[in-house]
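**Student:** Show me the folded form of this:
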Amino acid sequence: MKGLRADSSSPLYHQLMQRITADIERGTYPTGSRIPPEHELEQLYQVSRVTVRRALAELTSEGLLERKQGKGTFVSVPGGNVQMKSLHSFHDSCRINGVRPATDVVYIKETAADIADAEELSQPSGSRVLEVLRVRRADDTPVVLERNRFSMAYAWLQDQDLTGSLYSLLREYGVEPKLAVHDVSLRFADEEEARLLETETGAPLVYLHEVVYDQRGRPLHNSVQLIRGERFVFRI
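**Tutor:** Numbers count the residues shown, from 1 in each chain. Purely as a prediction, here's the structure:
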């Protein structure tokens, strides 16, 4: 059934954005193809014209869709700083780079959801999320400081060994990390980040922020990764 959930804490336009994004990833709307016109999307997803227009406007501003005057809306090659991608895990990147992966778990804890969590994970105001902080190593050298946040539906992760591939673990439980939307920028290591990454305070780091979706197009987790670009090439 295509209908969205009016009783969800996530706005309908945001749910529609996620649904269209998932449909694009599944190949329902291939890159370069024209998506259905607004009135068809209303019927297909059982929402109002206002909701459709808001979702299309947001996806267009993100570079996922492209409006062509007099022709309609098309799936574009993602551009700018927001991109869709097939997922490459840290272990995949290590294999590509020919190095041995390892992971140190700094902590796993429950914490209050912030504004980004509420929007990206569709969590209600005042809810809790599960935060996992890990240091990823390549040939014993710390190269990535990774913070993942999950809804409390994944509280069971607290009882798991998280020193291996997180995505392999999730797949064992029937959860397939399928799609990510990300942005990339540059920042400088603060004292704690520098300590964990064994580099100097103020050292330049690649800042990768992602929202990862599962095989059903639902938010799985958000992620912030600080990458020592001079020591490691992380394929995204």
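**Student:** Spatially central residue for this structure, please.
**Tutor:** residue 211 (1.8 Å; C-alpha atoms, centre = their mean).
**Student:** domains for this structure, by residue range?
**Tutor:** 12-75, 83-227 (automatic domain parsing).
**Student:** comparing those, which gets the lowest mean pLDDT score?
**Tutor:** Lowest mean pLDDT of those: domain 12-75, a mean of 84.
**Student:** where exactly do the helices run in the protein?
**Tutor:** For the chain, the helices defined by DSSP state H cover 12-26, 38-45, 49-61, 90-97, 115-120, 166-172, 191-197.
**Student:** okay, those in CSV with mean neighbour count and distance to residue 70 next?
**Tutor:** For the C-beta atoms, the positions are set from N, CA and C on the backbone; glycine is no exception. Shown next, in CSV, are those (neighbours: other C-beta atoms under 10 Å; distance: least, C-beta to C-beta, whole Å):
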stretch, mean neighbour count, distance to residue 70
helix 12-26, 21, 22
helix 38-45, 15, 15
helix 49-61, 17, 16
helix 90-97, 17, 43
helix 115-120, 16, 34
helix 166-172, 16, 43
helix 191-197, 15, 50
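**Student:** And those: which comes nearest residue 133?
**Tutor:** helix 191-197 (8.5 Å; C-beta to C-beta).
**Student:** What are the contacting residues of the closest one?
**Tutor:** 106, 135, 142-143, 145, 189, 200-203, 205, 226, 228 (C-beta atoms under 8 Å, 6 or more residues apart in numbering).
**Student:** ok, 7 Å please
**Tutor:** With contact meaning C-beta atoms under 7 Å, 6 or more residues apart in numbering, helix 191-197 is reached by 106, 135, 142, 145, 189, 200, 201, 203, 226, 228.
**Student:** Just the buried subset of these, please.
**Tutor:** Buried members of the contacts of helix 191-197, counted by 16 or more other C-beta atoms under 10 Å: 135, 142, 145, 189, 226, 228.
**Student:** how far away is the fourth one from residue 153?
**Tutor:** Meaning residue 189. To residue 153, residue 189 is 32 Å away according to C-beta to C-beta, to the nearest Å.
**Student:** count of neighbours near residue 104?
**Tutor:** 13 (other C-beta atoms under 10 Å).
**Student:** Show the contacting residues for the residue nearest to residue 152 when sequence neighbours are not counted.
**Tutor:** Among residues not flanking residue 152 along the chain, residue 128 sits closest, at 5.6 Å (C-beta to C-beta, 6 or more residues apart in numbering). Contacts for residue 128 (C-beta under 7 Å, 6+ apart) come out as 110, 111, 112, 113, 152.
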